[in-house]
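> dropping a prediction and its sequence here:
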Amino acid sequence: MLRILLAIMLSAVAGEASAGCNKELLNVEGWSARPMAESRVEVSMYLKSAAPKPIRIIEALVYFRDALDGDIGALPVERDAHIPAGGSYSRLMKPAPAHLDRLLKLRKQDVQTHVCVFAVLYEDGTKETF
């Protein structure tokens, strides 16, 4: 299961440059990482919606990059997340993929984040694809 998730994330990261996405709909307000047993990491993400309507289904990834624009990794936003218009959303990845252990080593100010929203279904049934 973890291999499938990792393959999906890697293909999404590789496709980010060629695929359109909205980088304004959700914003990272904060994140944290803490070590777990067996060299694993737990990552919490806190996002704020700038959507004009409540979100019912979303396809989005949160990207982590270092200060030299090197890729650290990406985590998905839960597809069935219900996010109120202007509201907040939090997600705990326990355990997160192994490559995100760099978040434990880097200073927080040396990590840049952004959210790439590929598609959204609003509560009123309207869809947007980016």
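Cool, got the structure. Numbering: from 1, shown residues only.
> how far away is the residue nearest the centre of the chain from residue 124?
Compute the mean C-alpha point of the chain, and by C-alpha atoms, centre = their mean the closest residue is residue 62, 2.1 Å away. Counting by C-beta to C-beta, to the nearest Å, the gap from residue 62 to residue 124 is 25 Å. Just so you know, the C-beta spots here come from the backbone N, C-alpha and C atoms, and that holds for glycine as well.
> find the least confident helix or strand in the protein, judged by mean pLDDT.
helix 2-15 (a mean of 44; mean pLDDT, DSSP states H and E).
> measure the nearest residue to residue 116 once chain neighbours are set aside to residue 110 for me?
Spatial nearest neighbour of residue 116, chain neighbours left out: residue 21 (3.9 Å); criterion: C-beta to C-beta, 6 or more residues apart in numbering. Distance, residue 21 to residue 110, by C-beta to C-beta: 24 Å.
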